[in-house]
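Asker: what follows is a predicted protein model with its sequence.
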Amino acid sequence: MLLKENIPVSYVFGKIKKEVLMVAVYAITIYCVHQYYNFKDVSIPLTVPTILGTIISLLLAFRSNQAYDRWWEARILWGGIVNDCRTFARQVLTFVDSSHDGEQKWALKERIIRRQMAWCYSLSCHLRGQNAKDNLDAYLIDDDVKNIKKLDHIPLAINELQGHDLRTLYKLGWINEYQQVALDNTLTNFMNSMGGCERIKNTVFPVTYSVYIHWLVMFFVLLLPFSLMEFFGIFQVPLVIAISSAFFLIEKMAIHLQDPFENKPTDTPTTTISRTIEKNLKQMMKDELPGDIDAMIGKQHQKKTQFYIL
Amino acid sequence: MLLKENIPVSYVFGKIKKEVLMVAVYAITIYCVHQYYNFKDVSIPLTVPTILGTIISLLLAFRSNQAYDRWWEARILWGGIVNDCRTFARQVLTFVDSSHDGEQKWALKERIIRRQMAWCYSLSCHLRGQNAKDNLDAYLIDDDVKNIKKLDHIPLAINELQGHDLRTLYKLGWINEYQQVALDNTLTNFMNSMGGCERIKNTVFPVTYSVYIHWLVMFFVLLLPFSLMEFFGIFQVPLVIAISSAFFLIEKMAIHLQDPFENKPTDTPTTTISRTIEKNLKQMMKDELPGDIDAMIGKQHQKKTQFYIL
Amino acid sequence: MLLKENIPVSYVFGKIKKEVLMVAVYAITIYCVHQYYNFKDVSIPLTVPTILGTIISLLLAFRSNQAYDRWWEARILWGGIVNDCRTFARQVLTFVDSSHDGEQKWALKERIIRRQMAWCYSLSCHLRGQNAKDNLDAYLIDDDVKNIKKLDHIPLAINELQGHDLRTLYKLGWINEYQQVALDNTLTNFMNSMGGCERIKNTVFPVTYSVYIHWLVMFFVLLLPFSLMEFFGIFQVPLVIAISSAFFLIEKMAIHLQDPFENKPTDTPTTTISRTIEKNLKQMMKDELPGDIDAMIGKQHQKKTQFYIL
Amino acid sequence: MLLKENIPVSYVFGKIKKEVLMVAVYAITIYCVHQYYNFKDVSIPLTVPTILGTIISLLLAFRSNQAYDRWWEARILWGGIVNDCRTFARQVLTFVDSSHDGEQKWALKERIIRRQMAWCYSLSCHLRGQNAKDNLDAYLIDDDVKNIKKLDHIPLAINELQGHDLRTLYKLGWINEYQQVALDNTLTNFMNSMGGCERIKNTVFPVTYSVYIHWLVMFFVLLLPFSLMEFFGIFQVPLVIAISSAFFLIEKMAIHLQDPFENKPTDTPTTTISRTIEKNLKQMMKDELPGDIDAMIGKQHQKKTQFYIL
Amino acid sequence: MLLKENIPVSYVFGKIKKEVLMVAVYAITIYCVHQYYNFKDVSIPLTVPTILGTIISLLLAFRSNQAYDRWWEARILWGGIVNDCRTFARQVLTFVDSSHDGEQKWALKERIIRRQMAWCYSLSCHLRGQNAKDNLDAYLIDDDVKNIKKLDHIPLAINELQGHDLRTLYKLGWINEYQQVALDNTLTNFMNSMGGCERIKNTVFPVTYSVYIHWLVMFFVLLLPFSLMEFFGIFQVPLVIAISSAFFLIEKMAIHLQDPFENKPTDTPTTTISRTIEKNLKQMMKDELPGDIDAMIGKQHQKKTQFYIL
């Protein structure tokens, strides 16, 4: 989750502690050697780090761009999930007319919409490598839970269950053939969003680029003290630390952004988004059903299994 | 709202007043210390700020790009809302044939189209954190207003009401099954645009980048006087102010553009756009209904509640 | 309209005449002051303009990119209008089977296709701020012209008329329900293209960026003579003019490209494109109707009003 | 057509022969004048070309990007044509069930698919400004050829003929109403691809950018010898040639890529792609029709005209 | 396949071994000549490599971007194949209701889904230039295998077979007309993904850019020792090697990424993805068919040929 407040300075610097320490030690060593053994002739003209600095800047800009794009795409995918969940709920609620046979129809409608909430939570866990089977009991009926527990890919299984219930709706004549296809399209959108998240999760940023940029930064840092020594003496040390920290920080930011499903503070806030979806979908059900919805939802919930057997 | 006229120079500089003042004080201090205590040996070669300047320029270009993209995407989303509102109105007006039973059909058509105007205004308020429930009475019938007042997410609720009225149209046989699905697609587009705006509103630009770029600019400004002192003496002060203002301004512009729903002069002009939509939709209704439309719309408006009860 | 031939050098330089003149006067003044009052010590090291030059280059590259994107998007939108007009004509011509009741059907088909040509011309005028109501008599029947004249947004009104005629086609049983929805989709595409053009027309490029880049260029130009004086003497003047013209020209190009609907030589060629559409659509009608089409189109044209009353 | 083998070094250098020669003459002249008239004081510090070099590099990068995007978009459009042709063939072959009345149905199916091959070849010629009417006899029946010969825009006319045959299929009851709309969508895709290619063909890259970048490169080349003379003497000549060739080459590459339908070695390989489509579509027909397809296709071919009259 | 672990340093350096060796020999030669023949006057000022370095960096950044885009697009296309396979399986499983006539229906459903697995494997081989006909026996029934063996383009042929089976489903009344069109759309998505991969496979990156960037890097490397000699003496050799390796490595990475279907470690992991699809689809079938699925699938498998004859 990436919010304005929750990334303190210490968190940022915690990530590059090790590198900064090493650079400090290195810069001081160079200074001492330089002072006591006095070999002026390896002073490097500042133009060499300038050339390297330009190359590294361009590569880091390229890298930041790609990392940001991955992170933003992940956010767009989950934004799309929000939209599609609302659309799916609206379609389920308005396509099926529950003005007569109200209770049965309502039970099925509620089951489908609650199952969609379960899908969001399970996808969130699935992407983060957590157990996607936990905490689904609150949203799924018992039969579903039992069915799913045996399988590996929970969100995929839930999506298929939705498909089965659409068929049930169609067979009962509660939606017509166009409406079934329209609802099926929305299920396809869920598949596409899920697949997109898995793609980002499973595809590493080309590793040779990462490795190579890291080496180049290291090489730049190794040369820097020799260039600055001549002009700054002991003040070279803080300058080297500051400049190299700059490069290290951009590198680290890119590394963090590029993998947005790893349970880190820079992650896509999948749990928060799932909770928003749950809240929105509950409002839509409340809106649909005037009266004491919370009580009624509770009541229906107990009846659900019955309906399923029926 | 971002227009050619309404961002005066003073507004722009008002945003960086504090920073510029601090830089001025700092540069003068350095000058005085330098003059009276005379320590020439910390003069920094200009190449060091050049390296830093290149890095900062690239990072600011990256940042400006992403901020501009967010701002432009917000504009595209609202442009899409304009298009979809016109499309929705055209579909409602031409799919339902009001040549017989004209008055009843017309009342329902008008109710739906006016509700779409309400959706635009409420979304605008919702995004800017204003009360989305105000001023909707002019566009919604009383029942709708009462229903909605209890809920949190007003635009979502209005969208669902549209879905219900589409079902009503279908049940009354005024639109066929394909037309219901086509109109439902347009509602889905509204959901997607709304979701996109909320995504931009709720997702902060990666905070570490912002913080980090700011630090780097500060570091650059701290070094600058030492480099320029040697060549310019007291003229160093205006130069330092001018160059650092340059960086501060680009940074500020990016910060402003990246959040386009914050009630600032650089916002996406959601209210103006909503007003344009209202004007366009009223023209389309007038076009549909030859005769004294304004009077008739008024008359229908009073009858609406009746129809709804009916 | 942007063609290979029609932007002469004089046009390009005409745009920056004023700025170049001012720069020349300024550079000569500096030279004179420098020569006769002889104050060498304000010579600025070339590294300072280099830093500024890098920042300005990156900002101008950013700016050029965004301006080019707006211009290219405008072109893509009008390219899409060409495609959709051809598609619309193909659908109207092939969905309605005019092998019996040929003349009546043909009259309606022709009316719809000619009205689409009118839409293109009126959109072109609407975007350029010209009177969109002129010259439509050649493409619209009298009733349409009368209806439209009272309204503000002509292309929107024409689009709605197309929707009405689709309903007429459907009511007459000349197209089926799927074909109505397919044709309505094409009308939606027209709405989206029109909305996109209006978005580009009405959204200014963030004004603070423009202002700010201009200031930075001015600041750069002010410093330049002091840097070059030392090395070039009087030759400094042409060099300053050449380098600053470079920056001014890129800036001007960006400003021109970013507003592609302003009746300038760099505009999107909306009139030429509309003419191409008219030619294509006429070919398609000729293709459909073997025989002396030009005569027949003329004949039908006179009968149209009759049909409309019918 | 752009393949790995067919752009020899000589081709590349052939394009900049003239410019390189001029630069060589100029550099030698400067050297001679410099040597014999000995005016040292116009030596230009290397920083001036560095500033110019940075601006030019950024502009060329911008230009290369846009040119590459045009070229790649052209390739994507033709890639889309391949996909849509295969899809169109699959739909025609599987939507129409030719298990009874096989021969008549097969004749019509084959006619439609072969006409699609003709569309590809004619579009290829149309874009390159060649005669699009040649060589179509092998793919079209005589009536089609006769009809088309009178018209200007051949691919547009062929597309309309496809629309007519879809109507025929629908009227004969060989496809249902959804299938007609689905096939019509594929025809719309062809229109969009064609329109996209025409857009790229007809829209020049903003001419002022091109002209201006060229001038800036020339200006850079004019200054270069004065900067390098001091350090290199006569060796300045090859250096100037090498560096300016670098800029000229990038410029030329961009110019070539940006117009991908001009019968040059860097073109989009439209003829090769059309041939691939023909091969794929023939395989699909062979696959559909077990038995001696080549013989049968030949036989049907002769019968086609008959069927058409029928 | 591109994973975190499998690109060792040695692999990376193996790719530029030859170039590095040549550069080392060259740098040492220059050093020796310089030492023993002592011609100081060809020392090149560092600014010249700086200009070249900037141009090369920008070109390499441009190149890396395009190469990365190709690689990422290839990954997105295969991600889309995963999504569409799951969607296709869900549609086949839920559109056809196998509650009565279960076994026959199930056999056909399984045949279609298994054939889709075969499509993935054959596309993977087809793109990598391997024999796409091997190993398909495990997924296809004997008739399909026999049919396909005669053809060139295996994935295209399998796609057409899927179309035939959709027609069979429709003719048997097991899916309705909308469902056929919906399933056909998914087949179209497969065609588009396949076409996109083929486009990337068959289109080379503009060869002149590649050649030209390579020359420019070589030219830069040739100049470098002359610039560094003055300051570093013999230490010039490792510096030249390090800096030129930097450029060579970025160039090589771009070359590798830009062709993602060549059986290299940086490839898109098409085989792994195909295996994931197989696993997912098998889970979905298991989910659909409660009971001892593995046994049943085996049993059905033997019956399949029978059904086909039926």
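Answerer: Nice, thanks for sending it over.
Asker: mind listing the helices for the stretch 101-250 of chain A?
Answerer: For the stretch 101-250 of chain A, the helices defined by DSSP state H, counting those that start in this stretch cover A:102-128, A:142-149, A:154-171, A:177-202, A:207-232, A:236-258.
Asker: ok, which of the ones you listed comes nearest D:Tyr178?
Answerer: Nearest of the helices of the stretch 101-250 of chain A to D:Tyr178, taken as C-beta to C-beta: helix A:177-202 at 10.0 Å. Using the backbone N, CA and C atoms, a C-beta is placed for each residue, glycine as well.
Asker: report whether the closest one contacts chain B.
Answerer: Yes: counting by C-beta under 8 Å from any C-beta of the partner chain, chain B is contacted by helix A:177-202 at A:178-179, A:182.
Asker: chain center to the biggest helix by length in chain A: distance?
Answerer: In chain A, with assignment by DSSP state H, the single longest helix is helix A:47-95. Computed by C-alpha atoms, centre = their mean, to the nearest Å, the chain-centroid distance of helix A:47-95 equals 10 Å.
Asker: can you tell if it touches chain D?
Answerer: No: against chain D, helix A:47-95 shows no contacts by C-beta under 8 Å from any C-beta, the least distance being 9.6 Å.
Asker: do you know how far A:Asp84 is from B:Gly195?
Answerer: 9 Å (C-beta to C-beta, to the nearest Å).
Asker: likewise A:Gln162?
Answerer: 20 Å.
Asker: same check on A:Gly163?
Answerer: A:Gly163 is 23 Å from B:Gly195, by C-beta to C-beta.
Asker: likewise for A:Arg128?
Answerer: Taking C-beta to C-beta, one finds A:Arg128 at 22 Å from B:Gly195.
Asker: so between these two, which is more surrounded?
Answerer: Set A:Arg128 next to B:Gly195 and count neighbours by other C-beta atoms under 10 Å in any protein chain shown: B:Gly195 wins out with 23 against 17.
Asker: so for that one, what's the nearest residue that isn't a sequence neighbour?
Answerer: Excluding its sequence neighbours, the residue lying closest to B:Gly195 (C-beta to C-beta, 6 or more residues apart in numbering or on different chains) is A:Asn83, at 3.7 Å.
Asker: and for A:Trp174?
Answerer: Leaving aside its sequence neighbours, A:Trp174 sits nearest to A:Val96 (C-beta to C-beta, 6+ apart; 4.8 Å).
Asker: and stretch A:237-253 with chain B, contact?
Answerer: Yes: Stretch A:237-253 is in contact with chain B by C-beta under 8 Å from any C-beta, via A:239, A:242-243, A:246-247, A:249-250, A:253.
Asker: same question, stretch A:101-115
Answerer: No: Stretch A:101-115 is not in contact with chain B by C-beta under 8 Å from any C-beta; minimum separation 12.3 Å.
Asker: chain center to that stretch: distance?
Answerer: 31 Å.
Asker: okay, it in PDB with CA atoms only?
Answerer: C-alpha atoms of stretch A:101-115 as PDB (Å, rounded to 0.1, in the frame of the first residue of the first chain):
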ATOM      1  CA  ASP A 101     -40.500 -14.900  -6.600                       C
ATOM      2  CA  GLY A 102     -38.500 -12.300  -4.900                       C
ATOM      3  CA  GLU A 103     -36.900 -14.200  -2.100                       C
ATOM      4  CA  GLN A 104     -35.500 -17.100  -4.200                       C
ATOM      5  CA  LYS A 105     -34.200 -14.700  -6.800                       C
ATOM      6  CA  TRP A 106     -32.700 -12.400  -4.200                       C
ATOM      7  CA  ALA A 107     -30.900 -15.300  -2.500                       C
ATOM      8  CA  LEU A 108     -29.200 -16.300  -5.800                       C
ATOM      9  CA  LYS A 109     -28.400 -12.700  -6.600                       C
ATOM     10  CA  GLU A 110     -26.800 -12.200  -3.200                       C
ATOM     11  CA  ARG A 111     -24.900 -15.400  -3.500                       C
ATOM     12  CA  ILE A 112     -23.300 -14.300  -6.800                       C
ATOM     13  CA  ILE A 113     -22.400 -10.800  -5.600                       C
ATOM     14  CA  ARG A 114     -20.900 -12.100  -2.300                       C
ATOM     15  CA  ARG A 115     -18.900 -14.600  -4.200                       C
END
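Asker: give me the neighbour count for A:Thr29.
Answerer: Neighbour tally, A:Thr29, other C-beta under 10 Å: 11.
Asker: what sits against whatever residue of the stretch 1-150 of chain A ends up closest to chain C?
Answerer: Residue of the stretch 1-150 of chain A nearest chain C, by C-beta to the nearest C-beta: A:Thr54 (9.6 Å). Applying C-beta atoms under 8 Å, 6 or more residues apart in numbering or on different chains to A:Thr54 gives the contacts B:54, E:53-54, E:57.
Asker: pick out whichever of the residues you listed sits closest to chain D.
Answerer: Of the contacts of A:Thr54, the one sitting nearest to chain D (C-beta to the nearest C-beta) turns out to be E:Thr54, at 5.6 Å.
Asker: so how far is A:Glu251 from the closest one?
Answerer: E:Thr54 is 22 Å from A:Glu251, by C-beta to C-beta.
Asker: what of A:Leu224?
Answerer: 16 Å.
Asker: who's more crowded, those two?
Answerer: Higher neighbour count among A:Leu224 and A:Glu251: A:Leu224, with 27 against 23, using other C-beta under 10 Å.
Asker: gap between A:His181 and C:Ala246?
Answerer: His isn't right for residue A:181; it's Val. 58 Å.
Asker: with A:Leu52 instead?
Answerer: On the measure of C-beta to C-beta, A:Leu52 and C:Ala246 end up 28 Å apart.
Asker: cool, and A:Leu281?
Answerer: Relative to C:Ala246, and taking C-beta to C-beta, A:Leu281 is found at 58 Å.
Asker: same check, this time on A:Pro49
Answerer: 29 Å.
Asker: kindly report the same for A:Ser124.
Answerer: Taking C-beta to C-beta, one finds A:Ser124 at 53 Å from C:Ala246.
Asker: same question for A:Thr188.
Answerer: In terms of C-beta to C-beta, A:Thr188 sits 52 Å off from C:Ala246.
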